[in-house]
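> quick one, structure for this:
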Amino acid sequence: MHTKEAPRGQGVGRAMIEHLLAVAALRNYRRVSLETGTGDAFIPARSLYLDLGFAPCPPFGDYTANPYSVCMSLNLVAGGTKAGSQPGSSPVTIDFPSRNA
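This next block holds a predicted model:
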């Protein structure tokens with residue numbers, strides 16, 4: 001995903017990811033994983049993903065370990081929560097919007 005320059009910093013990317021996480025939770029997905037770049041242009045994206053609870057993970061699917069990309073994942077649990085990104089941490093509640101909102 002990419003946010004055009006003009007609306008950056010206004011929460012557009014966060015809103016998109018929170019919506020996708022809400023849909024994943026409603027569909028009972030257990031994990032959401034993504035791949036992003038390692039270059040300076042991707043620093044805001046990586047910061048956002050970390051802030052939302054994503055943690056670096058090994059490459060998945062057809063992705064490979066390389067200096068240009070990093071894979072991240074977020075474990076979801078039932079009831080609109082995400083599992084803590086650190087082993088042994090307690091789940092953190094995400095306030096998912098209702099389907100009628």
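> quick check: buried residues in stretch 38-58?
Within stretch 38-58, the residues that qualify as buried are Ala45, Arg46, Leu48, Tyr49, Leu52, Gly53, Phe54, Cys57, counting by 16 or more other Cβ atoms under 10 Å. Placement of C-beta: from N, CA and C, glycine included.
> and the end-to-end length of it?
14 Å (Cα to Cα, to the nearest Å).
> what's next to it, contact-wise?
8, 13-14, 17-18, 21, 32-34, 36-37, 65, 67-74, 82, 84-86, 92 (Cβ atoms under 8 Å, 6 or more residues apart in numbering).
> sheet partners, orientation included, of the helix or strand that Cys71 is a member of?
Here Cys71, judged by DSSP states H and E, is contained in strand 69-77. Here strand 69-77 is paired, per DSSP bridges, with strand 31-37 (antiparallel), strand 55-57 (antiparallel), strand 81-82 (antiparallel).
> what does the first one contact?
In other words, strand 31-37. 20-21, 24, 42, 45-46, 49, 54, 57, 59-60, 63, 68-76.
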